[in-house]
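A.B. asks: Predicted model and sequence follow; I will ask about them next.
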Amino acid sequence: MNYPENFHYTKEHEWVSVEGDVGTIGITDHAQHELGDIVYVDLPRAGTSVTQGKTIGSVESVKAVSDIYSPVSGEVIEANPLLAEAPEKLNDDPHGAAWLVKIRLASPEEIKNLLSAADYRAYTGG
Amino acid sequence: MRYLPKSDSERRQMLDVCGLGSTDELFSHLPPEARLQRPLKLDPGKSEYEIVDWFRERGLETAPGYASFLGAGVYSHYRPVLVDTVVSRGEFLTSYTPYQAEISQGTLTTIFEFQTMICQLTGMEVANASMYDGSTAVPEAAMMAVRITGRHKVLIARSVHPEYREVLKTYCQHQGMPIDEVAFDLKQGSVQLSDAEAKLSDEVAAIIIQSPNFFGVVEEVKAAADLAHKHGALLVVIFTEAVSLGLLEPARDADIVAGELQSFAISPSYGGPYAGIIATRDKYIRQLPGRLVGETKDANGNRAFCLTLSTREQHIRREKATSNICTNQALIALMATVFMTVYGKEGLRELAQQNLSKAHYLASGLTRRFSGPFFNEFVIEAPESLNDELLRERIIGGVPLGRWYPELQNTMLVCATEMTKREHMDTFRRVANAVSEPALAEGARR
C-alpha cells in the first residue's frame, strides 16, 4: 500500500500531516480496508480540546465501530464536512479528500512519538 | 408464570456444590446493616385457596365502585378486551428480545407498527421501540439534546410533572448536567417564556416543556420552539396524557418528543409497569437511545423487519452507547399498539373529543385556577377538605397541588375522561360549591 512519506502514523492506524502549526488527521488505507464499507463517522466539533492517544470520535462500518485516537494534542479547528454527507468517501480516499479533522497543535514535539511511513508499513506487514 | 418449588434436600445439595453452609452466606459480602436480620413476616404453608382469598380481601380494601377524578400523569381510560386477548398470546407473552430476525418477525412487525404510529401521533420522523416510562424518557431526551448540541445545561418548565422533574434530577446530578427551572404564568398556568428567555445562554442544550402541562394547560409549542432555536437550543416536548394526541396539533416544531403511553390501554397498576416513547427527527437518529426496528427485505426480496442501528446501543458500544437502556417495554408497548389499532385515527379523535367535552362540562361549574386552554384535566380552587366531603359520596376527588407548589395551596388538579359519568360530575360540582362557599365567606370576613 502507498503511505505518504511526509505523514506520521500511529499504531491505532491514524495519520497526521503537519503544515505550520496545523495537523490534518485521518485514518490509514489499511484501517479503511480492515473496517470494510464505512457508513458513519462521528467527529468532534470545532473548539474541542484533544490529547494525543485519546479518543476523539468513531468510525462505523457495516462490520464494527472503531474509536479514533488522536495522534496529536491540540484544539480541533475543523471537522471534514464531506464525511457527514458521504462517509463512504473514507473507503475511496482515506489519505486525501476524506481527512477527518484539522487540529491546531499544542505540542509539535509529540510528532516524535509517531511512526514513519516505512515503520507503519512494516508494522502492518507491508 | 412457572412455579419452581425447592425441597430442603435440594437446597442443601446446591449449597454443597457452592461450598456454603447456609443461604445467608451467599450474601455475606453485603454489609450486615443492609441485610434483613430476621425472617420475612410470612405465614408458612398456606393453601392456594387461602392465598387467593387473602388477596381478594386486600382487593376489597381499595375503592371498588368509587368514581375517580384523579389524573396527574395516570389516567382512567377504558381498556378494550381485545388488548389482553392479543398480548396474552404465547408468541408475544413469552418471546425473547428479537435479535434473531428469522424467528421474530411477529414481534418485530408489531414494534415497527408501534414506531410508525408514534411518529404519526407526534409529528416526528423516527420513534424508538419504547422507553421504560414517560418519566425516564425525559432525561433520555435531555441527554440526547446534550449530545446533539455539545452543550450541558437543561431548562425545564416547572409546569412539567414534578415527579418527572425529580427523575431528571436523579439522572443529571452526577454527569455535569445542571438543570434550571422555568416559571409558569400564574394567571394562564402555561410556561413563562420570558423567564425561559432570561435563562437561555449558549450553555443551554434544551428547553423541556410539557403539553398539556401538569396543570392540564395546552402550551404554545411553536413559540417555545422558536425561542429555543433562536438561542441554538433544542425544544423537547413531553406529554403524560397520550389521548390528547388524538385531538391536539402534533408538536411538529419540537426537536424531540417524549411521553407516557399509560392512557393507551395500560392499567394504572399502582404506578407501573408503563411504556414511554421518544421520537425525533431523522437527522438526530444516531443520538436516539434504545432499540429501533427497521424495514428491510429478506433473501427472497420479501418485506421484513430487523433491529437496526444497534451501534447506538449498550451491547455494542458499552460505555459509549447513547443510553444504558438496552431493552424496550415490549409487552406493555404492545398493549398500546393494539389500543391504537383498535381505535384507529377516527376512533382516537372521537375518544379525545369525549374527554375534552366531559372535562369542559365538569369545569363549567367550578372555579378554575388558570385560564389557559385545557384538554381533560385542570386546576380548581378548592380546600383539601373537598376530598373528604367527596369520599362520603363515594367519589375520589382531585390531586392537591400544595405538596409540590407552595404557591398553589388550596388548589387541586382534577381530571375527567370518557369513563367519567355525568351524575358523578354533577355531584362533584355540587359538593365543591358547597365546600368552597363557606370557605370563601370565611376568607372574606378575615
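C.D. replies: Everything's here; your move. Numbering: from 1, shown residues only, chains lettered A, B, ... in the order given.
A.B. asks: In chain A, which residue sits nearest chain B?
C.D. replies: Closest approach between chain A and chain B, counting by CB to the nearest CB: residue A:65, at 4.8 Å. Where you see a C-beta, it was placed from the backbone N, CA and C, and this is true even at glycine.
A.B. asks: And the helices in the stretch 151-300 of chain B?
C.D. replies: Along the stretch 151-300 of chain B, counting by DSSP state H, counting those that start in this stretch, helices occupy B:162-172, B:193-199, B:221-230.
A.B. asks: again with chain A
C.D. replies: Ranges of helices within chain A are A:29-35, A:81-85, A:89-92, A:117-123, based on DSSP state H.
A.B. asks: which other helices and strands contact the first one?
C.D. replies: So that's helix A:29-35. Judged by 3 or more CB pairs under 8 Å, 6 or more residues apart in numbering or on different chains; DSSP states H and E, the packing partners of helix A:29-35 are strand A:55-61.
A.B. asks: Briefly note if the strand it packs on comes near chain B.
C.D. replies: Yes. Interface with chain B: strand A:55-61 contributes A:58, A:60 (CB under 8 Å from any CB of the partner chain).
A.B. asks: Distance from the chain centre to that strand, please.
C.D. replies: Counting by CA atoms, centre = their mean, to the nearest Å, strand A:55-61 is centred 10 Å from the centre of its parent chain.
A.B. asks: if we look at it, which residues are touching it?
C.D. replies: Contacts to strand A:55-61, defined as CB atoms under 8 Å, 6 or more residues apart in numbering or on different chains, come from residues A:27, A:31, A:35-44, A:48, A:50, A:65-70, A:76, A:87, A:90, A:100-101, B:311, B:320.
A.B. asks: Surely the residue of chain A closest to chain B touches residue B:312?
C.D. replies: No. Contact criterion CB atoms under 8 Å: residue A:65 and residue B:312 do not qualify, at 9.6 Å.
A.B. asks: More neighbours: those two, which one.
C.D. replies: Between residue A:65 and residue B:312, residue B:312 has the larger neighbour count (other CB atoms under 10 Å in any protein chain shown), namely 23 against 18.
A.B. asks: Tell me how far the more buried one lies from residue B:108.
C.D. replies: 18 Å (CB to CB, to the nearest Å).
A.B. asks: ok, and for stretch B:366-377, which residues are buried?
C.D. replies: The neighbour-count criterion (16 or more other CB atoms under 10 Å in any protein chain shown) identifies B:366, B:368, B:369, B:370, B:372, B:373, B:374, B:375, B:376, B:377 as the buried residues of stretch B:366-377.
A.B. asks: ok, of those residues, which one's closest to chain A?
C.D. replies: Of these, the one sitting nearest to chain A (CB to the nearest CB) turns out to be residue B:372, at 38.6 Å.
A.B. asks: Quick check, that closest one in contact with residue B:220.
C.D. replies: No. Checked against CB under 8 Å, the pair residue B:372 and residue B:220 is beyond contact range at 9.4 Å.
A.B. asks: Now do the strands in chain A.
C.D. replies: A:8-9, A:14-19, A:22-27, A:38-42, A:49-50, A:55-61, A:65-69, A:74-79, A:101-105 (DSSP state E).
A.B. asks: And the average pLDDT for the last one is what?
C.D. replies: Mean pLDDT, taken over the full extent of strand A:101-105, equals 97.
A.B. asks: Who are the packing partners of that strand?
C.D. replies: With contacts taken as 3+ CB pairs under 8 Å, 6+ apart, strand A:101-105 sits against strand A:22-27, strand A:74-79.
A.B. asks: Turn the ones you listed into CSV, columns for distance to chain B.
C.D. replies: Listed next are the helices and strands packed on strand A:101-105 as CSV, based on distance: least, CB to the nearest CB, whole Å:
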stretch, distance to chain B
strand A:22-27, 17
strand A:74-79, 11
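A.B. asks: These: which one's closest to residue A:96?
C.D. replies: strand A:22-27 (8.4 Å; CB to CB).
A.B. asks: Quick one: distance of that closest one to the chain centre.
C.D. replies: Strand A:22-27 sits 5 Å away from the centroid of its parent chain (CA atoms, centre = their mean).
A.B. asks: quick check: angle from it to strand A:14-19?
C.D. replies: On the basis of axes from the mean of the first three to the mean of the last three CA atoms, to 10 degrees, strand A:22-27 is oriented at 160 degrees to strand A:14-19.
A.B. asks: Name the residues that touch strand A:22-27?
C.D. replies: Outside strand A:22-27, the residues that touch it by CB under 8 Å, 6+ apart are A:13-18, A:59, A:68, A:70-72, A:74, A:77, A:90, A:94-95, A:98-105.
A.B. asks: Confirm for me that residue B:419 is in contact with residue B:71.
C.D. replies: No. In this structure residue B:419 lies outside contact range of residue B:71 using CB under 8 Å: 11.4 Å.
A.B. asks: More neighbours: these two, which one.
C.D. replies: Using other CB under 10 Å, the more surrounded residue of residue B:419 and residue B:71 is residue B:71, with 26 against 15.
A.B. asks: what would the helices of the stretch 151-300 of chain B look like in TSV with mean neighbour count?
C.D. replies: As requested, the helices of the stretch 151-300 of chain B are exported to TSV (neighbours: other CB atoms under 10 Å in any protein chain shown):
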stretch	mean neighbour count
helix B:162-172	18
helix B:193-199	17
helix B:221-230	18
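A.B. asks: Tell me who's in contact with residue B:334.
C.D. replies: Shown in contact with residue B:334 (CB under 8 Å, 6+ apart): B:86, B:87, B:92, B:110, B:114.
A.B. asks: Kindly recompute the last result at 7 Å.
C.D. replies: B:87, B:92, B:110 (CB atoms under 7 Å, 6 or more residues apart in numbering or on different chains).
A.B. asks: Which one of the residues you listed sits in the busiest neighbourhood?
C.D. replies: Looking at the contacts of residue B:334 with neighbours defined as other CB under 10 Å, the largest count falls to residue B:110 at 24 neighbours.
A.B. asks: who touches the host helix or strand of that residue?
C.D. replies: Per DSSP states H and E, residue B:110 falls inside helix B:105-122. The contact list for helix B:105-122 (CB under 7 Å, 6+ apart) reads B:91-92, B:95, B:98, B:101, B:125-130, B:245, B:250-251, B:257, B:277, B:279, B:293, B:295, B:304-306, B:330, B:333-334, B:336-337, B:340.
A.B. asks: The contacts of residue B:334 into JSON lines, with extra columns for distance to residue B:42?
C.D. replies: Below are the contacts of residue B:334 laid out as JSON lines (distance: CB to CB, whole Å):
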{"residue": "B:87", "distance to residue B:42": "31"}
{"residue": "B:92", "distance to residue B:42": "33"}
{"residue": "B:110", "distance to residue B:42": "39"}
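A.B. asks: before we move on, the earlier item: are any of the contacts of strand A:22-27 buried, and if so which?
C.D. replies: Among those, those buried by neighbour count (16+ other CB under 10 Å) are A:13-18, A:59, A:68, A:70-72, A:74, A:90, A:94-95, A:98-103, A:105.
A.B. asks: Can you add mean pLDDT and give the helices of chain A back as TSV?
C.D. replies: TSV is the format used below for the helices of chain A (pLDDT from 0 to 100):
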stretch	mean pLDDT
helix A:29-35	95
helix A:81-85	93
helix A:89-92	96
helix A:117-123	95
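A.B. asks: Against residue B:372, how distant is residue A:124?
C.D. replies: Noted for residue A:124: a distance of 66 Å to residue B:372, by CB to CB.
A.B. asks: Redo the helices of the stretch 151-300 of chain B as CSV? Include mean pLDDT and distance to chain A.
C.D. replies: What follows is the helices of the stretch 151-300 of chain B, written out as CSV (pLDDT from 0 to 100; distance: least, CB to the nearest CB, whole Å):
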stretch, mean pLDDT, distance to chain A
helix B:162-172, 97, 22
helix B:193-199, 98, 23
helix B:221-230, 98, 18
